[in-house]
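J.: predicted model, plus sequence, below.
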Amino acid sequence: MRIVIYIILSKLNIIYPKLLGFGYWYYKNVFLKKNLKSYNPEQKLLKIVNRAIKNVPYYRDRYKEINSLSDFKRQINFIDKDEVMDNWEDFIALGTSKSKIITGTTGGTSGKPLKLVIPKNRYIFELGTMYTMWENVGWKGQIRAVLRNTKLEVNKDYIVNPVKREFVFDGFRTSDVYYDIVYKTMKKYKIKYLHAYPSSAYQFAVFLKNKEYDTSIFNAFLCGSEGLLLEQKSLIEDQLGINVYNWYGHSEKLVLGGYCKNNKNIHIEPTYGFFELIDINGDIINEPKKKGEIVGTTLHNQYMPLIRYRTGDYAEYVGDYCKDCGRHLILVKNIEGRRDSNRIYFKDQTYTSITALNMHGDLYTYINGMQYVQNKPGQLIIKLIKDETYSNQVEKRFFEFYENTLGENCDFEIQYVDELLTEKNGKFLPLHQNVKL
Ligand SMILES: [Zn+2]
């Protein structure tokens with residue numbers, strides 16, 4: 001009975017996300033609008049860095065006040081997760097009041113989680129920016145279905161959050177019976193947006209394809225937190241015609257960016273955090289096609305300020321202007337998670353990245369999922385879920401593709417499976433790398 005009331009309340013609640021308060025309203029409707037076309041973060045950056053140099057032991061012990069962006073680049077060294085873990089106490093601003101903060105951790109699929117201190121009002125810049133990005137696919141607060149890392153009690157198909165206008169489904173149930181419930185519930189309540197990990201959205205899309213269900217009921221799939229893989233894009237966008245909105249973000253909340261309406265490069269939001277892309281020598285990349293590591297500096301968290309923090313994520317530089325939306329901001333593409341987890345090792349212990357194994361053409365349409373597993377350098381297991389259309393001819397093409405791409409460097413084996421491996425937190429890794437070098 002309660003769920004019926006919650007559904008009614010969700011429908012009546014037309015003020016979300018406006019009800020997030022004046023701070024949120026002002027940030028989204030005045031600050032972000034004013035700085036939409038271009039934003040110079042220098043003043044804000046200097047303010048937060050100098051405040052850290054004054055109040056945060058880690059920085060106070062190392063730096064003197066800076067006066068310009070070039071001072072910043074010349075004087076402040078990069079840090080990473082290990083550095084923060086080793087000096088954790090020193091990263092917290094002196095006199096931080098418990099009432100102003102909350103704590104969280106980096107989720108992560110590898111390594112120890114990092115404990116983070118975050119301002120309580122972080123939703124202002126966090127949701128203000130995210131919800132502005134989602135407007136690119138027409139989302140303005142409409143009811144959303146959520147298929148992420150929630151595990152529900154066995155007797156519940158979904159729960160409803162009337163405040164955030166969400167129908168939350170179980171991200172760990174992947175049976176056809178359950179996906180049927182998801183689809184029919186979305187159809188019944190005319191829910192046009194699905195907020196999901198790309199891997200969850202993909203599994204759901206495989207189901208939609210097999211059932212030949214009408215996918216025109218969806219406006220868009222909001223797919224972040226993982227990169228969008230080519231097989232996912234091929235099925236959801238090209239075959240099923242569902243618009244996908246993909247974005248990049250990470251748990252330390254220093255960098256956020258996503259597509260615009262007509263351009264599928266990642267637009268790094270300059271008001272969210274200060275972004276740099278660095279090469280192996282720590283030099284800043286601003287040339288198209290060059291790849292480097294994403295480095296972020298907070299513009300909003302004075303309580304545990306992370307400055308020039310190496311995220312371990314990599315991207316390719318595209319440019320600093322988008323002609324489709326007319327915004328001056330940094331564009332990147334081909335974002336890869338922690339590099340180690342994307343490496344496929346050859347027999348001689350050199351390596352390639354999994355993006356080097358991107359297939360061209362229509363091969364993705366013959367499968368309903370794929371994943372790489374590596375237990376030894378020079379040996380690769382390719383797990384494939386076959387579609388009905390997967391024929392001997394197609395199999396031959398897969399073998400040819402891998403023979404040509406991997407060559408003498410790496411033996412491979414194709415395993416046909418019904419299910420792929422997922423992590424405890426519900427996330428999907430395209431490569432299970434068990435080799436430690
Ligand atoms: Zn654009």
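T.: Arrived safely.

J.: where does this protein dip in pLDDT?
T.: 1, 107-111, 338-341, 360-361 (pLDDT under 70).

J.: up against the ion, what does it have?
T.: Within the chain, the positions near the ion by Cβ under 5 Å from the ion are 260, 263, 322, 324, 325. Every C-beta, even on glycine, is put in place using the N, C-alpha and C of the backbone.

J.: save these as JSON lines, and put in neighbour count and secondary structure too.
T.: What follows is the residues of the chain next to the ion, written out as JSON lines (neighbours: other Cβ atoms under 10 Å; DSSP: H, G, I helix; E, B strand; the rest coil):
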{"residue": "260", "neighbour count": "19", "secondary structure": "coil"}
{"residue": "263", "neighbour count": "16", "secondary structure": "coil"}
{"residue": "322", "neighbour count": "18", "secondary structure": "strand"}
{"residue": "324", "neighbour count": "13", "secondary structure": "coil"}
{"residue": "325", "neighbour count": "16", "secondary structure": "coil"}
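
J.: now those residues in TSV, with distance to residue 390?
T.: Listed next are the residues of the chain next to the ion as TSV, based on distance: Cβ to Cβ, whole Å:
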residue	distance to residue 390
260	36
263	34
322	39
324	37
325	40
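
J.: how about the helices in the stretch 251-400 of the chain?
T.: Taking DSSP state H, counting those that start in this stretch as the test, the helices found in the stretch 251-400 of the chain are 392-406.

J.: can you show me the strands along it?
T.: Remark: strands assigned in the stretch 251-400 of the chain by DSSP state E, counting those that start in this stretch are 257-258, 266-268, 273-278, 291-298, 309-319, 331-336, 343-345, 351-353, 367-376, 379-386.

J.: run through who's touching the second one.
T.: Looking back up the chat, that one is strand 266-268. Residues from elsewhere that reach strand 266-268, judged by Cβ atoms under 8 Å, 6 or more residues apart in numbering: 246-248, 255-260, 275, 315, 322, 325, 327, 329-333, 335.

J.: excluding chain neighbours, what is closest to residue 261?
T.: Nearest residue to residue 261, sequence neighbours excluded (Cβ to Cβ, 6 or more residues apart in numbering): residue 136, at 4.8 Å.

J.: quick one: residue 113 is in a strand?
T.: No. Under DSSP: H, G, I helix; E, B strand; the rest coil, residue 113 sits outside any strand and is assigned coil.

J.: how far away is the nearest residue to it once chain neighbours are set aside from the ion?
T.: Once flanking residues are discounted, residue 113 sits nearest to residue 105: 4.1 Å by Cβ to Cβ, 6+ apart. Using Cβ to the ion, to the nearest Å, residue 105 is found at 33 Å from the ion.

J.: wait, what's in contact with residue 105?
T.: Counting by Cβ under 8 Å, 6+ apart, residue 105 touches 113, 114, 115, 116, 251.

J.: and the fourth one, how many neighbours does it have?
T.: Residues lying near residue 116 (other Cβ atoms under 10 Å) number 20.

J.: for the stretch 1-150 of the chain, what spans make up the strands?
T.: Counting by DSSP E, counting those that start in this stretch, the strands of the stretch 1-150 of the chain are 101-105, 115-119, 144-147.

J.: now render those as JSON lines, adding distance to residue 358.
T.: Formatted as JSON lines, these follow (distance: least, Cβ to Cβ, whole Å):
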{"stretch": "strand 101-105", "distance to residue 358": "32"}
{"stretch": "strand 115-119", "distance to residue 358": "33"}
{"stretch": "strand 144-147", "distance to residue 358": "25"}
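
J.: which one of those strands is the most hemmed in?
T.: Highest mean neighbour count of those: strand 144-147, a mean of 24 (counted as mean count of other Cβ atoms under 10 Å).

J.: center of the protein - which residue?
T.: residue 225 (2.4 Å; Cα atoms, centre = their mean).

J.: does that one touch residue 246 like I think?
T.: No. Contact criterion Cβ atoms under 8 Å: residue 225 and residue 246 do not qualify, at 9.8 Å.

J.: hang on, the earlier thing: look up how far residue 264 lies from the residue nearest to the residue nearest to the centre of the chain when sequence neighbours are not counted.
T.: Spatial nearest neighbour of residue 225, chain neighbours left out: residue 197 (5.8 Å); criterion: Cβ to Cβ, 6+ apart. Computed as Cβ to Cβ, to the nearest Å, the residue 197 to residue 264 distance reads 18 Å.

J.: please apply the same query to residue 98.
T.: Residue 98 is 42 Å from residue 264, by Cβ to Cβ.

J.: between these two, who's got more neighbours?
T.: Neighbour count, other Cβ under 10 Å: between residue 98 and residue 264, residue 264 has more, with 17 against 9.

J.: contacting residues for that one?
T.: The contact partners of residue 264, by Cβ under 8 Å, 6+ apart, come to 246, 333.

J.: ok so, going back, quick one: which of the contacts of residue 105 is nearest to residue 157?
T.: residue 251 (29.1 Å; Cβ to Cβ).

J.: how many neighbours does the closest one have?
T.: Neighbourhood size, residue 251 [other Cβ under 10 Å]: 16.

J.: give me the number of residues near the closest residue to it other than its chain neighbours?
T.: Nearest residue to residue 251, sequence neighbours excluded (Cβ to Cβ, 6+ apart): residue 106, at 3.8 Å. Counted with other Cβ under 10 Å, residues neighbouring residue 106 total 16.

J.: kindly report the same for residue 183.
T.: For residue 183, using other Cβ under 10 Å, the count is 21.

J.: ok, now which ones touch residue 280?
T.: residue 292.

J.: could you rerun that using 10 Å?
T.: 291, 292, 293 (Cβ atoms under 10 Å, 6 or more residues apart in numbering).

J.: buried only: go through those residues for me.
T.: Among the contacts of residue 280, the ones that count as buried by 16 or more other Cβ atoms under 10 Å are 291, 292, 293.

J.: so what's the first one up against?
T.: It stands for residue 291. Residue 291 makes contact with 277, 279, 280, 285, 314, 315, 316, 317, 332, 334, 336, 353, according to Cβ under 10 Å, 6+ apart.

J.: can you give me the helices in the stretch 101-250 of the chain?
T.: Counting by DSSP H, counting those that start in this stretch, the helices of the stretch 101-250 of the chain are 123-134, 176-188, 198-211, 230-233.

J.: how far off centre is the second one?
T.: By that I understand helix 176-188. 25 Å (Cα atoms, centre = their mean, to the nearest Å).

J.: what helices and strands are in contact with that helix?
T.: strand 144-147, strand 158-161, strand 166-169, strand 193-196, helix 198-211 (3 or more Cβ pairs under 10 Å, 6 or more residues apart in numbering; DSSP states H and E).
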